[in-house]
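> no sequence on this one, just coordinates:
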């Protein structure tokens, strides 16, 4: 079994008054002077808390979110960590601070690799994007491939992983997601555009019962329709319609769980008929609202 070590590069320093935490750290030898770092976090956060961690040398980081979704406001950028998503980022040398909201769960696997690994395993488009970066930056945030989730869960639930076990799973994950990243369109999003996109999401949340058209949303946030659709998909990993539908259906579940009748729920969500609501609910979840209520 690989020795579990203290992570001096990226250990979370979290107040025990704010969370029940369990963090595991492992290293895999890659080359003589380079290791692959694996951090497995399983935190129950009950109060708003701030964490800190040091990066002593430039790292390429892959963060895979398992379990519940959570939001991390980092000193460098904001992560909207959705369950089943992976976040690629470049972390340059320095001290980082992150904030987490209370009443949330942090379940993730973080894999950090160095420049030599990328030079040997990543495609030219990714290398140019990452290795030329002089500042910490978010590269991509998108849905993990199914194989990645399968391998990540094997790691997460393993109590005593052997070096060979870890190496095979980690290399499988990196191979999957680097190829996926290479084949996907990487889009640079400025700080101002990020703020516009976050504002767009808030507007969608507020108007879940009566979704705005792309034209209306575009006008409200100050981005043209084409750019809004492209950047929204790149930033949130879903289309505007998909995000609106998801919010609408989540609200439906909440209202049904509160004991409200289906006709009332359909009306509150802006559906003209109960049959339309039932069809949309079944299409999204795979079962009818009446079955969920039972």
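Happy to help now that I have it. The structure presented is a predicted model; accordingly, all values stated were derived computationally and were not measured.

> If you count residues, where's the longest helix of the protein?
The longest helix of the chain (DSSP state H) is helix 163-183.

> And the contacts of that helix?
Helix 163-183 has contacts (CB atoms under 8 Å, 6 or more residues apart in numbering) with 1-2, 26, 28, 36, 38, 62, 64, 86, 88, 111, 113, 117, 121-123, 125-126, 139-140, 142, 144-145, 147-148, 151-152, 154-155, 158. Backbone N, C-alpha and C define where each C-beta goes, glycine included.

> What about these, which are in strands?
26, 28, 36, 38, 62, 64, 86, 88, 111, 113, 139-140, 142 (DSSP state E).

> could those residues go into JSON lines alongside distance to residue 252 and neighbour count?
Output for these, formatted as JSON lines (distance: CB to CB, whole Å; neighbours: other CB atoms under 10 Å):
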{"residue": "26", "distance to residue 252": "42", "neighbour count": "21"}
{"residue": "28", "distance to residue 252": "44", "neighbour count": "17"}
{"residue": "36", "distance to residue 252": "43", "neighbour count": "20"}
{"residue": "38", "distance to residue 252": "38", "neighbour count": "23"}
{"residue": "62", "distance to residue 252": "34", "neighbour count": "25"}
{"residue": "64", "distance to residue 252": "29", "neighbour count": "24"}
{"residue": "86", "distance to residue 252": "28", "neighbour count": "28"}
{"residue": "88", "distance to residue 252": "33", "neighbour count": "22"}
{"residue": "111", "distance to residue 252": "36", "neighbour count": "23"}
{"residue": "113", "distance to residue 252": "42", "neighbour count": "22"}
{"residue": "139", "distance to residue 252": "34", "neighbour count": "18"}
{"residue": "140", "distance to residue 252": "31", "neighbour count": "22"}
{"residue": "142", "distance to residue 252": "26", "neighbour count": "20"}
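
> nearest to residue 105, of those residues?
When the ones in strands among the contacts of helix 163-183 are ranked by distance to residue 105 (CB to CB), residue 64 comes first, at 14.6 Å.

> got a list of what the closest one touches?
Contacts for residue 64 (CB under 8 Å, 6+ apart) come out as 85-86, 108-111, 144, 148-149, 152, 173.

> Please identify, among these, the one with the most neighbours.
Highest neighbour count within the contacts of residue 64, by other CB atoms under 10 Å: residue 86, with 28 neighbours.

> residues in contact with that residue?
Residue 86 makes contact with 62-65, 141-144, 148, 177 under the criterion CB under 8 Å, 6+ apart.

> got the phi/psi numbers for the nearest residue to residue 251 once chain neighbours are set aside?
Distance criterion CB to CB, 6 or more residues apart in numbering; nearest residue to residue 251, sequence neighbours excluded, is residue 208 at 5.7 Å. Main-chain torsions, residue 208, degrees, to the nearest 10: phi -60, psi -30.

> same thing with the one 3 residues further on?
Here the main-chain torsion angles of residue 211 (degrees, to the nearest 10) amount to phi -50, psi 140.

> Can you report how many residues lie near it?
Per other CB under 10 Å, the neighbour tally for residue 211 reads 19.

> thought it was touching residue 246?
No. With contact defined as CB atoms under 8 Å, residue 211 does not reach residue 246; the gap is 11.6 Å.

> Among the ones in strands among the contacts of helix 163-183, which one sits closest to residue 257?
Checking the ones in strands among the contacts of helix 163-183 against residue 257 with CB to CB, the nearest one is residue 64 at 28.9 Å.

> give me the beta-bridge partners of that closest one?
residue 86, residue 109 (DSSP bridges).

> Identify the residues contacting residue 198.
Residue 198 makes contacts with residue 78, as judged by CB under 8 Å, 6+ apart.

> Listing request: residues of the chain with sub-threshold pLDDT.
Low-confidence segments of the chain (pLDDT under 70): 1-21, 69-77, 129, 183-188, 237.

> okay, among the contacts of residue 64, which ones form the most distant pair?
110 and 149 (15.3 Å).

> how close does residue 171 get to residue 113?
Between residue 171 and residue 113 the computed distance is 10 Å (CB to CB, to the nearest Å).

> need the helices for this structure, in chain order.
Using DSSP H, helices in the chain cover 115-121, 124-131, 146-156, 163-183, 191-206, 214-221, 225-236, 240-257, 262-268, 274-285, 289-293.

> Just the buried residues of the fourth one, please?
Read it as helix 163-183. 166-167, 169-174, 176-178, 180-181 (16 or more other CB atoms under 10 Å).

> Now render those as JSON lines, adding distance to residue 268.
Shown next, in JSON lines, are the buried residues of helix 163-183 (distance: CB to CB, whole Å):
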{"residue": "166", "distance to residue 268": "49"}
{"residue": "167", "distance to residue 268": "52"}
{"residue": "169", "distance to residue 268": "45"}
{"residue": "170", "distance to residue 268": "46"}
{"residue": "171", "distance to residue 268": "49"}
{"residue": "172", "distance to residue 268": "45"}
{"residue": "173", "distance to residue 268": "42"}
{"residue": "174", "distance to residue 268": "45"}
{"residue": "176", "distance to residue 268": "41"}
{"residue": "177", "distance to residue 268": "40"}
{"residue": "178", "distance to residue 268": "44"}
{"residue": "180", "distance to residue 268": "39"}
{"residue": "181", "distance to residue 268": "40"}
